[in-house]
Each structure stands twice: as structure tokens, then as C-alpha cells.
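# Structure for this input, please:
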Amino acid sequence: MTPSPPARRRAVVSGFMRHRAEPTSLPASERQKISMIAAHIVRSARSTRAVKLVRLVGHADRDPGRGPAFERRISGQRAEYIRAALLDAIERASGGKYAGARIVWQIVATGASRPAIQTARSETDRARNRRVEIWLDPGGADPSSPPFVRWIQACLARVVQSRLAVTGRFDQPTRTTLGSFQTRRGLEPTSTLDMATLSSLVASCTGPPGLYCPQEGRLYSPATAALRCAPVPVTVTPATFLPAPTRTAEDAARAVLVQIGLSTPQLRTFAARGGIAAIRPIAEEMGSAALEELLRRLRYTSEKILSPPTTFDPDHPPPGIHLGPASLAPRLLLTIPGHFRELARRAPTASEAHALETIGWLLMAQLRDEVVRATGSRWWVPAPPAFVTPFANPLPPVGSDVSSLIIRRGMIDSTLDLSEYAVFFNAWNNGLPGAAWRLETGIQPSALGAGQPFYPQTIALPAVVNTAAERRQFDAAWAHRLAVTEADPRTPRGSPAWRRALSRDEPLPRNVARLLSPASMRGLELSANFPILAGNRLVRSVTVLRALEPIFTQLFQTIWALGWNDLVYQTAGAAVFRGRRPRPQVMSNHGWGGAIDVNSHENLQRAGSTGSMDPRIVAIFEAFSFVWGRCFPTPDPMHFEYCGTGC
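Down below sits the predicted model:
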């Protein structure tokens, strides 16, 4: 019986003869896998998950006589031979119509450092260690930034003289027209966007202002992560455009708001209530394309843009807080670091990637000050991460478009020399942000593939904690509180007074309260409310189960070290000893100190709620063994709860 092609994106061919690397030294059944993998790659080209990246990881068995250098060399040779065999098999399977040149190939030689059989006692075991792992990955996606796609479509429609609709979606008609353009320009007609095709488009049409397409850079698109509970949309929002300042900021803002879905009456209301004036400084600096990408990072409906979510009572805001459309400005400011983080994924070098992430934080602070002058409100924004600094004079090695932005915005500290600046670059490059950049871009191979929102391998994840014993004590304490409440004649079961009594956060009995402990934010800045003015008190710790305090603390510290304080900036707290809001007789999931609510104002608990949580935050919480409340029967997308071994 012919085995079916591998359904997973990982396959292994093993059984190379000792000291041999060519595929002819493999058993026939293993050679057959190469043909099946090639057929799978060819079939994938007709789907939305076309394989664009193949990573080949070669392995050897231990060879004490020839040593580690030989083991590494032959493991790399095996990967190279399998690459050549796959190229031949792809050519045969496609009838010569699917070129392997479309695929990015990565070769990794591990020697004997990662045996499949740790203690190989027989030749069969040793042969299993002589293997090549084949990882198939989309390695990217069609461009998904609507302003970028609209420019591509408009250019194609003019150059190819087609009636291609300018929709902002990279659909099948766009792919077909792109293939025609590639044929006309003597490029390989893949109907997918690559750097050569983009360069030809830019040469054929005036490039859109701010398009970040550096030489030796990459067309980066975030990949779909395999999350237990996926956000909507599931991928990180990409970025394509650097700021392109405009003198018609109000017109640009109006046009962009229409593009993202505001109706004419909504736009009129937004402007009349101060929304356009509030975001004008941001629109003036960013230009229409980058502004649209910022607004799409919010994951807001048009209703949320018209009435931005807040933790305050809209009818009774605190002094100095102006809610309604004008309060979109502080939330939009927080999208700027993330926008530049995604631009950094397109950067050709680590130096330029660090510069872009740094610009994101510096620019957010600068534009906050310009919003102050426009609105009179000095909004709070999180402090920058440890790797952020003004730039040295002379500038570090970056492209002309990035250096022009730095100079134009006055981000240079003339007293800082390159050796002092290098301290901040090294903090980024040798720390978690640099590791994330290398893994996401595929510069450093990972079994997860490129473009993932978070890579657990970059940290030492804490051991899973069994909280069953502590939870039983909290359950007993809740049962006692429920019994006392229902025995009180003032709070009969089911009455409004009963509901109010059980919905209040009340002190725990001393024997249970000792099971709780504060978890420090470790540099992460969160506010209890949003938006708030600068100078307001921030949350420095939250109360959690003592056994989970090291996990919460490491989680907060990791988010801060990655520079993700723009993605998590508000919390409604962790441990509260009260009943659930819909069913107050049942203890809240927060009651035992194993859950936290973040960005609560825009992730409300209600039927059909998807919230606006960034995939990076979902991914890191899941890596730390938390479950996300969006997938609860009644979705609660602000809620992350420790699940340990029960995830």
C-alpha cells in the first residue's frame, strides 16, 4: 500500500548508510517520502497555504573515531543532498511548471547533538539518528496591508491595462494580473509578490509615500500561529509604511477613516466631537498609508472608533479626561511602537531593526507632546523599554529613509557617542527583542517556522504548578461564605440583596488569605483605568496565588523585556473573592488568585465578543500555561487564567 503524504508540516527521512550522505544510501521507503513531500509542495501551490520555506535539518550518529567536525559536515551534506533531491522531485511532480526557486531553502547542520534515539544500542537505532528533518512552512503570506495592496492593484491596473478592482484585498484576480505583469517584465510568473517583482512595480509606478522596502530587506508577513484559542484576526497586524508627513492632515484622516469603515454620518459625528482635531498631529506625521495601518492595529469596529472604549463612566469622567472621539488619540499613540516593531521585521540588518523599534517608542513620546498642544490633555503612555535611547552622532549604520526620519524628528543626542549607543543596541540584540527578530524573520531557524508571534524557546519557561490543593481551600472558603449569606434573612437566595452581597469583593479568611501574595510588575507599567493623564498612579503589583507568584512575575518581566508594554497597558486586577457576575452563587475564576484581566475596557465579557487582544499577548500567556477567556462559553477576552497541566 502506498503511504499517504505527510499531513503535518514536519517529515523525517532516516536510515542513511554509515558515512554516506547521498539519498541512494537511504532505504527505498525513505526515498519514496521525498517524492511524496515534493508532490505535497506542488499541490500546496494551488492553495492559500503554499509552501514558501523549506528548512532541512541534517543529523548524524555519534562517530568517536572521526569526531564532531565530521559529524557536523556529514549532517550538512545530507541536508544539501535532500534539497537537491526535492528540487528534482518537484520538477517531475509539476511537469516542470513549479520552480523550486520560489522556495526559500534553509540548511541546518546539527551533527550528533540531537539524536532521535538517545541511547543507540543497535545499528537500527544508529541508522534512525542518521536523518534529515524536513520542515515545510508557508514562510510568509500574501501582502495583507490594505493601503499597500491598493497601491499594487492600482499600479497593475495601469501597467497591465486591466480592469482590476482596487479593493485592498490580495485576491485571485490580483494574483492573476500580477502573474501577467511578471511575464511582461521577464520575471518568473509566480503570481506572488517577491522583492524582484516589488522593485519592478516601484520602477513602473510612483512608489507610495513612505513605503519601506529597503535593499536586502524582506517582504515580511506574520504567520498564522497554532494557538489554543485564536484571536480575530489570528495574525499580528503587519506594517509596510514609514511616516510620510502631510500638510493636509485632516483630509488624510477623513479619507482613512472612510477606508476603515466609518459611514458619512459617523465621520461627521467624529469630526464634530473633536476626533479629527485630536488625532491631527498623528495624521500629520504619519500620512494616510501609515495612519491607516495604525488604525487597523486597534482591531476596532467603526462604532469603537466613534466611541473609543474606556474604563470610566462616559457620563462622569474624571477631571481633565475628555471621552468620546477625542479619546481615540491616546489609544492610537499606543499603536506606534507596535507599528515600528513590525517594520523592523522588514529591515535588512539588526542595526536597522533596533533603530526602527527605538524610533517607535521615541516617536510615540514626541507625538504625545504634540497631541497635548492640540487638545490640552497630556495623556499617559508607558515608559520605553531598556533598549531605547536617542541616537548617537554619528548615526549607527541604517538606510537613508530611516536616517532621514531620525534627523527630521530630532532624535539625536549629540553628546552620545557610538560606544555608548552600542550598550543599548547590545541590550536589544543580545536580549529577547533581538532573538525574537531573528526567529520571526527566519534568520535563525526554528521548528515553529518564521513569523510566529512568540517563541517559547527564547526563555526558560517555569515548571507547571499543581494548584489543586490550594483551590480546594478556596472552594471551602467560598462554600462557607455562600452558606452564611443564604442563612442571613437580609439576603435571601435569589434576591437583589443576595446578588449584591455575593458580587462584592470581601476579605478572605486568614487561613486562606495567606495563600495569596503580590506579584511585582518588574518594570511593566499598567494602569487601572484607561485613558489616564500622565502622572496618575500606576499598578505596581497584583495579588495572585502565592504558588503562582513566580510565574506571574516572570511573565510580566518577559513582556517588559520584549518591549511589549504597548500591547498590555491596563489591568482590572487579579485575585478578587466574589461571585461570578451572571451567577453570583459560583465563585469567580479570580477568586483563587490564578487569573488576571488585562486591557479590560476593549475586551468586554459578552456573547460574541472577540475583543482586540494582540496575538503576541495571547501566545505568550499560552506559553506560560494560561487559558484565554475568549473561548469560554460566554467569551471573556480580557481574561487569562492559569491552567497548568489542564491546558
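# Please point out which parts of the one helix or strand Q557 maps to sit buried.
Per DSSP states H and E, Q557 falls inside helix 549-562. Neighbour counts over helix 549-562 (16 or more other CB atoms under 10 Å) mark 549, 551-562 as buried. (C-beta placed from N, C-alpha, C; glycine too.)
# And it, what does it pack against?
Helices and strands touching helix 549-562, by 3 or more CB pairs under 8 Å, 6 or more residues apart in numbering; DSSP states H and E, are helix 432-441, strand 516-520, helix 615-623.
# Next secondary structure after that helix?
strand 571-573.
# Could you pull up the mean pLDDT of the helix holding Q557?
Helix 549-562 carries an average pLDDT of 98.
# all numbers from here: first residue = 41
All right, first residue 41 from here; so that's helix 589-602.
# Strands of the stretch 441-590 of the chain, residue ranges please.
556-560, 581-585 (DSSP state E, counting those that start in this stretch).
# Have a look at the chain and report the helix or strand with the lowest mean pLDDT.
In the chain, no helix or strand scores lower on mean pLDDT, DSSP states H and E than strand 144-149, which sits at a mean of 74.
# Using PDB, write down the CA coordinates of the helix or strand following that one.
Where DSSP H and E defines the elements, the next helix or strand beyond strand 144-149 is helix 163-169. Extracted in PDB, the C-alpha atoms of helix 163-169 (Å, rounded to 0.1, in the frame of the first residue of the first chain):
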ATOM      1  CA  GLU A 163      22.700  -0.400  14.200                       C
ATOM      2  CA  THR A 164      18.900   0.100  13.600                       C
ATOM      3  CA  ASP A 165      18.900   2.800  16.400                       C
ATOM      4  CA  ARG A 166      22.000   4.400  15.000                       C
ATOM      5  CA  ALA A 167      20.500   4.500  11.500                       C
ATOM      6  CA  ARG A 168      17.500   6.400  12.900                       C
ATOM      7  CA  ASN A 169      19.900   9.000  14.100                       C
END
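# Show me how far helix 163-169 is from its chain's centre.
Distance, stretch centre to chain centre, for helix 163-169: 39 Å (CA atoms, centre = their mean, to the nearest Å).
# Report the buried residues of it.
166-169.
# do the same with stretch 218-228
Under 16+ other CB under 10 Å, the buried positions of stretch 218-228 are 218-222, 225, 227.
# what's the answer for stretch 477-488, then?
477-482, 484-486, 488.
# Domain-wise, how is this structure divided?
Split into domains by automatic domain parsing, the chain comes to 50-177, 186-244, 289-482, 508-686.
# Mind putting those domains into JSON lines with distance to T264?
What follows is the domains of the chain, written out as JSON lines (distance: least, CB to CB, whole Å):
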{"stretch": "domain 50-177", "distance to T264": "9"}
{"stretch": "domain 186-244", "distance to T264": "15"}
{"stretch": "domain 289-482", "distance to T264": "13"}
{"stretch": "domain 508-686", "distance to T264": "9"}
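# For L267, find the nearest of those domains.
For L267, the closest of the domains of the chain is domain 508-686, at 5.7 Å, according to CB to CB.
# now the farthest one out in this structure, which residue is it?
Distance from the centre of the chain peaks at P529, with 52.7 Å (CA atoms, centre = their mean).
# Before we move on, what's the pLDDT of it?
So, for P529, pLDDT stands at 95.
# what does the one 4 residues further on give?
Among the per-residue scores, R533 holds a pLDDT of 93.
# That one: neighbour count?
R533: 12 surrounding residues under other CB atoms under 10 Å.
# how close does it sit to A527?
10 Å (CB to CB, to the nearest Å).
# same check, this time on L127
Plainly put, L127 is 78 Å away from A527 if you go by CB to CB.
# E256: which of the domains of the chain is closest?
Nearest of the domains of the chain to E256, taken as CB to CB: domain 289-482 at 3.9 Å.
# Looking at the buried residues of helix 589-602, which is nearest P271?
Of the buried residues of helix 589-602, the one sitting nearest to P271 (CB to CB) turns out to be I599, at 16.3 Å.
# quick one, what contacts that closest one?
Neighbouring residues of I599 by CB atoms under 8 Å, 6 or more residues apart in numbering: 564, 605, 607-608, 657, 660.
# Contacts for stretch 255-265 next, please.
Under CB under 8 Å, 6+ apart, the answer for stretch 255-265 is 177-184, 233-235, 238, 274-278, 382, 385-389, 439, 480-481, 489-494, 655, 659.
# cool, stretch 298-314 as well?
Counting by CB under 8 Å, 6+ apart, 186-187, 208, 294, 297, 316, 332, 335-336, 341-342, 345-346, 362, 364-366, 415 sit against stretch 298-314.
# one more time with 6 Å
For stretch 298-314, the external contacting residues (CB atoms under 6 Å, 6 or more residues apart in numbering) are 297, 332, 335, 342, 346, 364-366.
# for stretch 116-125, same thing?
By CB under 6 Å, 6+ apart, stretch 116-125 touches 61-63, 74, 96, 98, 145, 147, 149, 172.
# Separate out the buried members of the residues you listed.
If you count burial by 16+ other CB under 10 Å, the buried members of these come out as 61, 63, 74, 96, 98, 147, 149, 172.
# Out of these, which sit inside helices?
I74 (DSSP state H).
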